[in-house]
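Mind looking at a prediction? Sequence and model below.
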Amino acid sequence: MEEQTLIEAQDLSRLYGRTAALSGLSLALRKGEILGLLGPNGAGKTTTMKILAGCLAPSGGSVKINGIDLAERPAAAKASLGYLPEQPPLYPELTVDEYLGYAAGLHGVPPAQRADAVARAKQACGLGDVARRLIHNLSKGYQQRVGLAQAIIHRPPVIILDEPTVGLDPIQIREIRALIKDLGQSHGIILSSHILPEIQAVCSRVMIINKGRVVYAESIERTAQHRMDSLVVGLRRGPDAGALRQIAGVERAEQLEAGLYRLTVAGGADPREALAEAAVRNGWGLVELRSQAKTLEEVFVELTSGEVTLHETLQEAA
């Protein structure tokens, strides 16, 4: 069965005077998917998330939430999503229970079901011990948890999270990440974060925005494949480095020490199988073969500091 599309955004743009914060941005989010949204400051991430959440009108383009056009039926579309902005929308003078009960009402949870909804959200976000405390007296980490609880209290199919682990300690970060991954099995989640290991650990797909445009959109798995940068090869009876340069997909070869080589891989290529075959055919005695990959941080810097996108780089290599 085809996966259900929960968000479908087409050709979004947003102008502030003559400045284009977004230009021609399109994305889709499916059930069971966690999409990581990356980009430098000012790239358009927050603008994108505000438009998707219905908090900001686009200058052009369209958004559908769970099949409902956000511009034509905003109330019905917003009923299908939960949103945690970078600054959680909290009422510090209320207790956690009071605030979550109020949030449940705002989200349309029937009065008879609100107590159960509050209890589920508190359990999911680890708020049971602070339920009767004023939000003002909670640590920043617990306030972030309260913000996440209000976003999921009505069990929406779509959840939008803007920097959800800001201010949390390492244990809390692990717990929130585990919660997000659990929610991602039955929801569609968009997660914006500056913490690149968080995107790798939690998300199934990554999208990088730069200057209001999408410069990369791919699964985490394929992103890891694209990031292979070089190979380290150990050979008992190693040849001259020039012989290794003749293998398809090898751009450069240098000898590190006796029998140990570093091979620079051409963009998009994977010469490991050809290298193993050559080692067997020539009796080189292959004893080590491991890849060295660029980090997601290095790929991010490449894409956001230059004009060429990773898609274009891969197409050129092909």
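Everything's here; your move. Just so it is clear, the structure is predicted and the values come from calculations on it, not from any experiment. Residues are numbered from 1 along each chain as shown.

tell me the contacts of the residue most central in space within the chain?
Centroid check for the chain by CA atoms, centre = their mean gives residue 36 as the closest residue, at 1.2 Å. Listed by CB atoms under 8 Å, 6 or more residues apart in numbering, the contact set of residue 36 reads 191-193, 199, 202-203, 205-207, 220. Bear in mind the C-beta positions are built from the backbone N, C-alpha and C, glycine included.

ok, now residue 271?
So residue 271 contacts 231, 247-250, 263, 265 (CB under 8 Å, 6+ apart).

where does the residue nearest to the centre of the chain land in three-state SS?
Per DSSP: H, G, I helix; E, B strand; the rest coil, the secondary structure class of residue 36 is strand.

for it, which residues make a bridge with it?
residue 191, residue 206 (DSSP bridges).

Return the per-residue confidence for it.
We note a pLDDT of 94 for residue 36 in this prediction.

Buried members of the contacts of residue 271 into ChimeraX, please.
ChimeraX command restricting the contacts of residue 271 to the buried ones, with burial defined by 16 or more other CB atoms under 10 Å:
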select :231,247,249,250,263,265
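
what's the most distant pair in the contacts of residue 271?
231 and 248 (13.1 Å; CB to CB).

Let's see which of the contacts of residue 271 end up in strands.
Judged by DSSP state E, those include 231, 250, 263, 265 as members of strands.

Now render those residues as CSV, adding distance to residue 23 and pLDDT.
Formatted as CSV, the ones in strands among the contacts of residue 271 follow (distance: CB to CB, whole Å; pLDDT from 0 to 100):
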residue, distance to residue 23, pLDDT
231, 39, 91
250, 39, 93
263, 40, 93
265, 33, 88
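
nearest to residue 214, of those?
residue 265 (25.8 Å).

So the closest one versus residue 102, what's the distance?
Residue 265 sits 56 Å away from residue 102, going by CB to CB, to the nearest Å.

swap in residue 40?
36 Å.

buried set for stretch 72-91?
Neighbour-count burial for stretch 72-91 [16+ other CB under 10 Å]: 77-85, 88, 90.

So which bits of stretch 263-280 are buried?
263, 265, 267-269, 271-272, 275, 278-279.

Which ones among those lie within helices?
272, 275, 278-279 (DSSP state H).

gap between the two ends of stretch 163-174?
14 Å (CA to CA, to the nearest Å).

pLDDT of it, averaged?
82.

Tell me the gap between it and the middle of its chain.
16 Å (CA atoms, centre = their mean, to the nearest Å).

what comes into contact with it?
Contacts of stretch 163-174 (CB under 8 Å, 6+ apart): 84, 86, 126, 140-141, 143-145, 148, 176-177, 180, 191-195, 198.

rerun that using 7 Å as the cut-off
84, 86, 140-141, 144, 148, 176, 180, 191-195, 198 (CB atoms under 7 Å, 6 or more residues apart in numbering).

what bits of the stretch 101-250 of the chain have low per-residue confidence?
223-228 (pLDDT under 70).

Just the strands from this protein, written as ranges.
5-16, 19-30, 34-38, 60-65, 68-69, 81-84, 158-162, 188-192, 205-210, 213-219, 228-235, 250-257, 260-265, 286-293.
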